[in-house]
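Chemist: below is the sequence, then the predicted model.
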Amino acid sequence: MDDIANKKLVKQVQAGDSKARDILILQHKNLITAFAATFCKRPLDWNNDDELTVSLIAFNEAIDSFNEDKGLSFINYAKMVIHRRLVDYFRQEARFQHIPLSSMDETNYDAYVVRESWTNYQKEKEAEDQEEMVRLYDQALSKFGLTLDDLLIASPKHKDTKLSLMTAAEELAANLTLVAQLYRTKQLPVKELTELTGKSRKVIETGRKYIIALTIILTQEEFYSMRTLINFPGKEVGGPID
(Lines give C-alpha, C1' and ligand atoms only; values in the text may rest on other atoms or scores of the structure.)
Protein backbone atom coordinates (compact mmCIF):
# COMPACT_ATOMS: atom_id res chain seq x y z
CA MET A 1 0.00 0.00 0.00
CA ASP A 2 1.53 3.34 -1.06
CA ASP A 3 1.70 6.43 1.09
CA ILE A 4 -1.20 8.16 -0.67
CA ALA A 5 -3.49 5.22 0.08
CA ASN A 6 -2.25 5.11 3.67
CA LYS A 7 -2.93 8.79 4.22
CA LYS A 8 -6.40 8.46 2.71
CA LEU A 9 -7.28 5.66 5.13
CA VAL A 10 -5.79 7.57 8.05
CA LYS A 11 -8.00 10.55 7.23
CA GLN A 12 -11.02 8.26 7.14
CA VAL A 13 -10.12 6.84 10.55
CA GLN A 14 -9.62 10.29 12.02
CA ALA A 15 -13.05 11.20 10.64
CA GLY A 16 -14.59 8.30 12.55
CA ASP A 17 -14.41 5.36 10.12
CA SER A 18 -13.54 2.31 12.26
CA LYS A 19 -13.50 0.01 9.22
CA ALA A 20 -10.66 2.03 7.73
CA ARG A 21 -8.69 1.42 10.93
CA ASP A 22 -9.24 -2.33 10.60
CA ILE A 23 -8.01 -2.19 7.01
CA LEU A 24 -4.87 -0.27 7.98
CA ILE A 25 -4.05 -2.71 10.76
CA LEU A 26 -4.69 -5.76 8.57
CA GLN A 27 -2.62 -4.35 5.71
CA HIS A 28 0.31 -3.51 7.98
CA LYS A 29 0.28 -6.32 10.53
CA ASN A 30 3.28 -7.99 8.90
CA LEU A 31 5.14 -4.68 8.86
CA ILE A 32 4.38 -4.13 12.57
CA THR A 33 5.67 -7.64 13.29
CA ALA A 34 8.82 -7.13 11.23
CA PHE A 35 9.65 -3.76 12.75
CA ALA A 36 9.12 -4.99 16.32
CA ALA A 37 11.18 -8.13 15.65
CA THR A 38 13.99 -6.02 14.19
CA PHE A 39 13.89 -3.77 17.24
CA CYS A 40 13.96 -6.76 19.62
CA LYS A 41 16.49 -8.65 17.47
CA ARG A 42 14.55 -11.90 17.71
CA PRO A 43 11.45 -13.55 16.19
CA LEU A 44 8.18 -12.55 17.84
CA ASP A 45 4.87 -14.35 18.14
CA TRP A 46 1.50 -12.61 18.50
CA ASN A 47 0.33 -15.21 21.02
CA ASN A 48 3.31 -14.93 23.34
CA ASP A 49 5.19 -11.66 23.02
CA ASP A 50 3.98 -8.47 24.70
CA GLU A 51 6.25 -6.43 22.44
CA LEU A 52 3.81 -7.00 19.58
CA THR A 53 0.89 -5.81 21.68
CA VAL A 54 2.87 -2.69 22.56
CA SER A 55 3.66 -2.18 18.87
CA LEU A 56 0.03 -2.59 17.84
CA ILE A 57 -1.11 -0.05 20.42
CA ALA A 58 1.60 2.31 19.15
CA PHE A 59 0.43 1.78 15.55
CA ASN A 60 -3.08 2.76 16.60
CA GLU A 61 -1.64 5.81 18.34
CA ALA A 62 0.17 6.73 15.12
CA ILE A 63 -3.09 6.50 13.18
CA ASP A 64 -4.82 8.86 15.59
CA SER A 65 -2.00 11.41 15.85
CA PHE A 66 -0.62 11.42 12.28
CA ASN A 67 -0.45 14.82 10.59
CA GLU A 68 0.66 14.74 6.96
CA ASP A 69 1.48 18.46 7.03
CA LYS A 70 4.58 17.64 9.06
CA GLY A 71 6.20 16.04 6.01
CA LEU A 72 6.58 12.41 7.11
CA SER A 73 5.11 9.43 5.34
CA PHE A 74 2.60 7.56 7.48
CA ILE A 75 4.80 4.44 7.64
CA ASN A 76 7.86 6.38 8.80
CA TYR A 77 5.77 8.16 11.40
CA ALA A 78 4.26 4.86 12.59
CA LYS A 79 7.72 3.31 12.88
CA MET A 80 8.88 6.28 14.93
CA VAL A 81 5.92 5.96 17.35
CA ILE A 82 6.39 2.18 17.64
CA HIS A 83 10.09 2.71 18.32
CA ARG A 84 9.33 5.20 21.10
CA ARG A 85 6.78 2.95 22.75
CA LEU A 86 9.05 -0.09 22.64
CA VAL A 87 11.84 1.93 24.22
CA ASP A 88 9.40 3.03 26.95
CA TYR A 89 8.28 -0.57 27.42
CA PHE A 90 11.82 -1.86 27.90
CA ARG A 91 12.60 0.94 30.30
CA GLN A 92 9.59 0.00 32.39
CA GLU A 93 10.46 -3.68 32.25
CA ALA A 94 14.07 -3.20 33.35
CA ARG A 95 14.60 -5.08 36.58
CA PHE A 96 18.22 -4.80 37.68
CA GLN A 97 19.33 -1.18 37.38
CA HIS A 98 20.33 -0.56 41.02
CA ILE A 99 22.40 -3.57 42.09
CA PRO A 100 25.34 -2.44 44.31
CA LEU A 101 28.62 -3.70 42.91
CA SER A 102 29.90 -4.18 46.48
CA SER A 103 27.43 -7.03 46.96
CA MET A 104 28.46 -8.89 43.81
CA ASP A 105 28.55 -12.69 44.21
CA GLU A 106 27.46 -15.75 42.24
CA THR A 107 23.84 -15.22 43.21
CA ASN A 108 23.49 -11.80 41.65
CA TYR A 109 26.13 -12.07 38.92
CA ASP A 110 23.46 -12.74 36.29
CA ALA A 111 21.53 -9.70 37.49
CA TYR A 112 24.68 -7.61 37.12
CA VAL A 113 25.09 -8.82 33.55
CA VAL A 114 21.48 -7.90 32.83
CA ARG A 115 22.03 -4.43 34.26
CA GLU A 116 25.15 -3.87 32.20
CA SER A 117 23.40 -5.15 29.08
CA TRP A 118 20.52 -2.78 29.71
CA THR A 119 22.90 0.15 30.18
CA ASN A 120 24.62 -0.64 26.88
CA TYR A 121 21.26 -1.05 25.19
CA GLN A 122 20.14 2.38 26.43
CA LYS A 123 23.30 4.02 25.12
CA GLU A 124 22.90 2.37 21.73
CA LYS A 125 19.23 3.36 21.45
CA GLU A 126 19.96 6.94 22.49
CA ALA A 127 22.62 7.15 19.79
CA GLU A 128 20.21 5.68 17.24
CA ASP A 129 17.46 8.07 18.33
CA GLN A 130 19.76 11.05 17.94
CA GLU A 131 20.90 9.89 14.52
CA GLU A 132 17.29 9.40 13.41
CA MET A 133 16.30 12.83 14.73
CA VAL A 134 19.13 14.49 12.83
CA ARG A 135 18.00 12.67 9.68
CA LEU A 136 14.40 13.79 10.16
CA TYR A 137 15.47 17.34 10.89
CA ASP A 138 17.62 17.44 7.76
CA GLN A 139 14.59 16.16 5.84
CA ALA A 140 12.39 18.90 7.35
CA LEU A 141 14.94 21.58 6.47
CA SER A 142 15.17 20.36 2.88
CA LYS A 143 11.51 21.27 2.33
CA PHE A 144 12.58 24.88 2.78
CA GLY A 145 15.66 24.51 0.60
CA LEU A 146 17.95 24.39 3.63
CA THR A 147 20.63 22.01 4.83
CA LEU A 148 22.41 21.42 8.12
CA ASP A 149 25.52 22.98 6.59
CA ASP A 150 23.50 26.13 5.84
CA LEU A 151 22.73 26.44 9.54
CA LEU A 152 26.39 26.33 10.50
CA ILE A 153 26.95 29.32 8.25
CA ALA A 154 23.71 31.13 9.16
CA SER A 155 23.99 30.72 12.93
CA PRO A 156 24.66 34.18 14.43
CA LYS A 157 28.04 34.64 16.06
CA HIS A 158 27.00 37.61 18.19
CA LYS A 159 25.04 36.73 21.33
CA ASP A 160 22.58 39.64 21.06
CA THR A 161 21.84 38.85 17.41
CA LYS A 162 21.21 35.21 18.22
CA LEU A 163 18.91 36.14 21.11
CA SER A 164 16.98 38.54 18.87
CA LEU A 165 16.43 35.87 16.19
CA MET A 166 15.47 33.26 18.76
CA THR A 167 12.84 35.64 20.12
CA ALA A 168 11.55 36.21 16.58
CA ALA A 169 11.30 32.44 16.04
CA GLU A 170 9.37 32.06 19.30
CA GLU A 171 6.90 34.79 18.34
CA LEU A 172 6.45 33.23 14.93
CA ALA A 173 5.92 29.77 16.40
CA ALA A 174 3.26 31.13 18.75
CA ASN A 175 1.30 32.62 15.84
CA LEU A 176 -0.61 29.72 14.27
CA THR A 177 -1.67 31.79 11.25
CA LEU A 178 1.90 32.68 10.35
CA VAL A 179 3.11 29.14 11.08
CA ALA A 180 0.51 27.77 8.66
CA GLN A 181 1.63 30.34 6.06
CA LEU A 182 5.26 29.36 6.56
CA TYR A 183 4.57 25.66 6.00
CA ARG A 184 2.23 26.32 3.08
CA THR A 185 4.48 28.69 1.12
CA LYS A 186 7.84 27.41 2.39
CA GLN A 187 8.80 31.07 2.68
CA LEU A 188 9.38 33.13 5.81
CA PRO A 189 6.57 35.75 6.14
CA VAL A 190 9.05 38.59 6.45
CA LYS A 191 6.60 41.50 6.31
CA GLU A 192 4.20 39.98 8.81
CA LEU A 193 6.98 38.89 11.14
CA THR A 194 8.51 42.37 11.02
CA GLU A 195 5.18 43.85 12.08
CA LEU A 196 4.66 41.17 14.73
CA THR A 197 8.08 41.45 16.37
CA GLY A 198 8.89 45.11 15.79
CA LYS A 199 12.30 44.09 14.44
CA SER A 200 13.70 45.63 11.28
CA ARG A 201 13.15 43.97 7.94
CA LYS A 202 16.92 43.72 7.52
CA VAL A 203 17.27 41.74 10.75
CA ILE A 204 14.49 39.35 9.78
CA GLU A 205 15.75 38.84 6.23
CA THR A 206 19.36 38.39 7.33
CA GLY A 207 18.30 35.80 9.90
CA ARG A 208 15.78 34.08 7.62
CA LYS A 209 17.45 30.65 7.57
CA TYR A 210 18.09 30.65 11.30
CA ILE A 211 14.51 31.69 12.14
CA ILE A 212 13.05 28.99 9.89
CA ALA A 213 15.32 26.34 11.37
CA LEU A 214 14.30 27.25 14.93
CA THR A 215 10.62 27.46 14.04
CA ILE A 216 10.71 23.91 12.71
CA ILE A 217 12.08 22.74 16.05
CA LEU A 218 9.48 24.73 17.97
CA THR A 219 6.46 23.58 15.97
CA GLN A 220 7.09 19.91 15.20
CA GLU A 221 6.55 17.38 17.96
CA GLU A 222 9.24 14.97 16.81
CA PHE A 223 11.89 17.60 17.58
CA TYR A 224 10.80 18.16 21.18
CA SER A 225 14.03 16.79 22.63
CA MET A 226 16.01 19.22 20.45
CA ARG A 227 13.82 22.02 21.78
CA THR A 228 14.77 21.18 25.35
CA LEU A 229 18.47 21.52 24.53
CA ILE A 230 18.12 25.08 23.23
CA ASN A 231 17.98 27.89 25.75
CA PHE A 232 15.10 29.83 24.24
CA PRO A 233 14.49 33.19 25.94
CA GLY A 234 10.72 32.61 26.26
CA LYS A 235 9.08 30.08 28.57
CA GLU A 236 6.58 28.50 26.19
CA VAL A 237 5.40 28.72 22.61
CA GLY A 238 2.14 27.79 20.98
CA GLY A 239 3.02 24.12 20.61
CA PRO A 240 3.03 21.72 17.65
CA ILE A 241 1.11 22.71 14.54
CA ASP A 242 -2.16 20.88 13.89
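Modeler: That came through, no problem. What you see is a predicted model; the values in this text were computed from it and never measured.
Chemist: isn't residue 43 up against residue 37?
Modeler: Yes. Residue 43 is within contact range of residue 37, at 5.9 Å (criterion: C-beta atoms under 8 Å). Bear in mind the C-beta positions are built from the backbone N, C-alpha and C, glycine included.
Chemist: the more surrounded of these two?
Modeler: Counted by other C-beta atoms under 10 Å, residue 43 and residue 37 do not tie: residue 37 has more neighbours, with 17 against 8.
Chemist: can you tell me the closest non-neighbouring residue to that one?
Modeler: Nearest residue to residue 37, sequence neighbours excluded (C-beta to C-beta, 6 or more residues apart in numbering): residue 44, at 4.8 Å.
Chemist: ok, that neighbour - contacts?
Modeler: Counting by C-beta atoms under 8 Å, 6 or more residues apart in numbering, residue 44 touches 33, 36-37, 51-52.
Chemist: nearest to residue 136, out of these: which one, please.
Modeler: Minimum separation from residue 136 among the contacts of residue 44 (C-beta to C-beta) is found for residue 36, which lies at 20.5 Å.
Chemist: tell me how many other residues crowd the closest one.
Modeler: Neighbours of residue 36 under the rule other C-beta under 10 Å: 24.
Chemist: residues in contact with it?
Modeler: Residues in contact with residue 36 (C-beta under 8 Å, 6+ apart) are 44, 49, 51-52, 54-55, 82, 86.
Chemist: likewise for residue 231?
Modeler: Contacts for residue 231 (C-beta under 8 Å, 6+ apart) come out as none.
Chemist: how is the protein carved up into domains?
Modeler: Annotated domains of the chain cover 3-142, 148-229 [automatic domain parsing].
Chemist: now the shortest one, how far from the centre of its chain.
Modeler: It stands for domain 148-229. In this view, domain 148-229 has its centroid 19 Å away from the chain centroid, taken as C-alpha atoms, centre = their mean, to the nearest Å.
Chemist: what's the closest non-adjacent residue to residue 205?
Modeler: Nearest to residue 205 is residue 190, by C-beta to C-beta, 6+ apart, at 5.8 Å.
Chemist: how many residues are close by the one you found?
Modeler: With other C-beta under 10 Å as criterion, residue 190 counts 13.
Chemist: for it, give me the pLDDT.
Modeler: pLDDT for residue 190: 94.
Chemist: again, but for residue 57
Modeler: Looking at residue 57, its pLDDT stands at 93.
Chemist: what do you get for residue 221?
Modeler: Per-residue pLDDT puts residue 221 at 81.
Chemist: check the one 5 residues further on too.
Modeler: Here, the pLDDT recorded for residue 226 equals 81.
Chemist: so who does it touch?
Modeler: Under the criterion of C-beta under 8 Å, 6+ apart, the contact list for residue 226 reads 133, 137, 217.
Chemist: what does residue 14 give?
Modeler: 63-64, 66.
Chemist: want to throw those into TSV with secondary structure, distance to residue 210 and pLDDT?
Modeler: TSV is the format used below for these (DSSP: H, G, I helix; E, B strand; the rest coil; distance: C-beta to C-beta, whole Å; pLDDT from 0 to 100):
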residue	secondary structure	distance to residue 210	pLDDT
63	helix	35	93
64	helix	34	92
66	coil	29	91
